[in-house]
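S.K.: Quick one, fold the following:
(one chain, ligands or ions: 2)
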Amino acid sequence: MASDSPLYIGFDLSTQQLKGLVVNSDLKVIYIAKFDFDADSHGFPIKKGVLNNEAEHEVFAPVALWLQALDGVLESLRKQGLDFRRVKGISGAGQQHGSVYWGQDAEKLLCNLDPKKSLEAQLEGAFSHPYSPNWQDSSTQKECDEFDAALGDPEHLAQVTGSKAHHRFTGPQILRFTRKHPEVYQKTSRISLVSSFLASLFLGHVAPFDISDVCGMNLWNIKKGVYDDRLLQLCSGVFEVEELKRKLGEVPEDGGLHLGHVHAYFVERFGFSPDCTVIPATGDNPATILSLPLRPSDAMVSLGTSTTFLMSTPSYAPDPATHFFNHPTTPGLYMFMLCYKNGGLAREHVRDAVNESLKDTPAQPWAKFDQVALQSPPLGQRDSTGPMKMGLFFPRDEIVPNIRKGQWRFTYDPSTGSLQETTDGWTTQDEARAIVESQMISLRLRSRELTQSPGNGLPAQPRRVYLVGGGSKNKAIAKIAGEILGGVEGVYQLDVSDNACALGAAYKAVWGIERQPGQTFESLVGQRWNEDQFVEKIADGYQKGVFEKYGQAVEGFEKMEQQVLKQEAEKGN
Ligand SMILES: Nc1ncnc2c1ncn2[C@@H]1O[C@H](COP(=O)(O)OP(=O)(O)O)[C@@H](O)[C@H]1O
Ligand SMILES: O=C(CO)[C@@H](O)[C@H](O)COP(=O)(O)O
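M.R.: Ligands and ions are numbered 1, 2, ... in the order given. Coordinates of the predicted model:
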């Protein structure tokens, strides 16, 4: 490729870091820069990227931290030698649901940025509130009850918005904000999602929401393509609904829309070309499904801070237990998602306990976890008719199912269907395999309606399972994932799997700028995709006998969850 050929940047503003990834028109990765919030930031007392107010179940992140991170990532790309003049398009991805509250001076400050100063040094005053509620927040039970009731029940809310009410969703969060900080709400000129906040910085004015990420608010009527007035009315609290509409702004339908050119600040400070164009930034999960030409029969599991299960599908079949979003680029397609709060951090807890039980501090922290997980038989069954060990491992309050934090261990006898809560026979080491099994069985249970038989008399399952996110490097997890979820063609990892989200955002920018009139994202990426270079098979998927055994475990798992939910409800009464 010529040394002046076009380049595209995708940013990923996630829970624990900001990444910037540069690709060329052939979708090849040229540069990657990362700013780890805990390790690289200064001046913020954060842990794992966030702050906590346990008394109110609040989890939030300082917005100025993200400004510092963007300064850092752009500097790092410059140091690596990126010629910013070649960058023709920018897009991004943001952790979903988080909201940013802009003050009255926001537009003025954004459009008058001084190229001699960092973003952090001059934008701190742009916000009416210094924090953004994080997706791990669970302070909004009251507001969620009101949202669920607003259209009759959770089923109806899910029909209209793609999801029942969730603590982290932006609508319930805004409603709580109007109550907790009414005077700040009044002084707020605009509300951004984390994704549109990122696009706003590059544009030099507040950017609109993205057509996919707007579905994470419990406010958007997906089928009608408009806000639901009843939900806006509820969300505006004691304030005027028109005021809320102004704060939220318009939602363009085209995910590849040219929002405008990059602001002069970036031209002067970093040497961007003045015609570099900003394409809407989307949510981190929608961006992840754009990191490869995903087919409707494929599944993606993102093993990040959260665990998410993602599919692209033409069917809109909402249910209170799952999420549907508009697909970020392709009208007529939807993104199906499951999202667990207890993902990477829960696995880390068990990993640390295993290392401690073995009095071992291995150089590779996951080595022992992997070893004992692979040595343990499926479901801890000593022989094929013995009881199955299964459990729930939630060091944080969980979303799927909606339950307080805790650990529960059971044995299940598939021949009689009997289930017993017991820790007898469980060792710390059993938990390495059990936590991965628990997470994967839950995914299989909740996605089974979306999978189909690949033919040849095989049971319903995905064609391929793609693993992405920090945990996808782990081959032991990949092996167990394949045994449980199946996948006739196997379990695959992207070449840059822990940067899949930033990669998807970069591909979105390529598509937004280089598409022919009417060309879909799938067509453009499909034509340029280099299967041999971009993905690798890392584990087998469907294995006859094992898959069916886990099928029995799914039945026991469903019973176990129901029992735990019942017990917890009784305790609460
Ligand atoms: N080798 C590994 N095995 C299992 N998990 C890992 C491994 N390396 C990193 N992780 C997990 O990856 C998680 C971070 O994933 P990442 O996708 O980078 O985060 P984010 O959700 O912030 O985007 C960490 O919580 C960590 O537990
Ligand atoms: O809340 C959700 C999805 O509904 C989370 O998946 C967030 O989008 C944050 O993701 P990561 O930081 O784990 O990537």
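
S.K.: just checking, Leu109 touches Gly125?
M.R.: Yes. Contact criterion CB atoms under 8 Å: Leu109 and Gly125 qualify, at 6.4 Å. For the C-beta atoms, the positions are set from N, CA and C on the backbone; glycine is no exception.

S.K.: And the two? Which one has more around it.
M.R.: Leu109 (17 against 10; other CB atoms under 10 Å).

S.K.: same for the helix or strand harbouring that one, what does it pack against?
M.R.: For Leu109, the host element (DSSP states H and E) is helix 106-111. Contacts defined by 3 or more CB pairs under 8 Å, 6 or more residues apart in numbering; DSSP states H and E place helix 106-111 against helix 119-123, helix 194-203.

S.K.: ok, back up a step: shared neighbours of Leu109 and Gly125, which are they?
M.R.: Counting by CB atoms under 8 Å, 6 or more residues apart in numbering, Leu109 and Gly125 have no common neighbour.

S.K.: Put the alpha carbons of stretch 448-465 into PDB.
M.R.: Output of stretch 448-465 as PDB, limited to C-alpha atoms (Å, rounded to 0.1, in the frame of the first residue of the first chain):
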ATOM      1  CA  ARG A 448     -31.000 -21.900  22.700                       C
ATOM      2  CA  GLU A 449     -34.100 -20.400  21.100                       C
ATOM      3  CA  LEU A 450     -31.900 -18.500  18.600                       C
ATOM      4  CA  THR A 451     -29.800 -21.400  17.400                       C
ATOM      5  CA  GLN A 452     -30.700 -23.900  14.700                       C
ATOM      6  CA  SER A 453     -29.600 -27.300  13.700                       C
ATOM      7  CA  PRO A 454     -26.800 -27.000  11.200                       C
ATOM      8  CA  GLY A 455     -28.200 -30.100   9.400                       C
ATOM      9  CA  ASN A 456     -27.100 -33.800   9.300                       C
ATOM     10  CA  GLY A 457     -29.300 -34.500  12.300                       C
ATOM     11  CA  LEU A 458     -27.100 -32.400  14.600                       C
ATOM     12  CA  PRO A 459     -28.600 -30.600  17.500                       C
ATOM     13  CA  ALA A 460     -29.300 -26.900  17.400                       C
ATOM     14  CA  GLN A 461     -26.100 -24.900  18.000                       C
ATOM     15  CA  PRO A 462     -24.100 -22.000  16.500                       C
ATOM     16  CA  ARG A 463     -22.100 -22.500  13.300                       C
ATOM     17  CA  ARG A 464     -19.000 -20.900  14.900                       C
ATOM     18  CA  VAL A 465     -18.300 -19.500  18.300                       C
END
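
S.K.: Within range of ligand 2, give me the residues from the chain.
M.R.: 14-15, 95-97, 135, 168, 283-285, 304-306, 308, 339 (CB under 6 Å from any ligand atom).

S.K.: Could you rerun that using 8 Å?
M.R.: Contact residues (CB under 8 Å from any ligand atom) of the chain with ligand 2: 12, 14-16, 49, 94-97, 135-136, 166, 168, 216, 283-285, 302, 304-306, 308, 323, 337, 339, 341, 343-344, 399, 469, 501.

S.K.: hang on, the earlier thing: which of the helices and strands packed on helix 106-111 is buried the deepest?
M.R.: Each of the helices and strands packed on helix 106-111 was scored by mean neighbour count; the highest is helix 194-203, a mean of 27, by mean count of other CB atoms under 10 Å.

S.K.: so how far is the helix holding Leu109 from its chain's centroid?
M.R.: Taking CA atoms, centre = their mean, to the nearest Å, the mean C-alpha location of helix 106-111 is offset from the chain mean by 29 Å.

S.K.: Show me the residues of the chain next to ligand 2 that map onto strands.
M.R.: Of those, the ones assigned to strands by DSSP state E are Asp12, Gly94, Gly283, Ser302, Thr308, His323, Met337, Cys339.

S.K.: Wait, the fifth one touches Ala287, no?
M.R.: No. In terms of CB under 8 Å, Thr308 does not count as a neighbour of Ala287; the distance is 11.7 Å.

S.K.: These two - which one has more neighbours?
M.R.: Counted by other CB under 10 Å, Thr308 and Ala287 do not tie: Ala287 has more neighbours, with 32 against 22.

S.K.: Run a quick check on the more buried one versus Ser14, I expect a contact.
M.R.: No. Using CB under 8 Å, Ala287 makes no contact with Ser14, being 10.1 Å away.

S.K.: Look up the residues that both of these two are in contact with.
M.R.: Residues touching both Ala287 and Ser14 by CB under 8 Å, 6+ apart: Ala93, Cys501.
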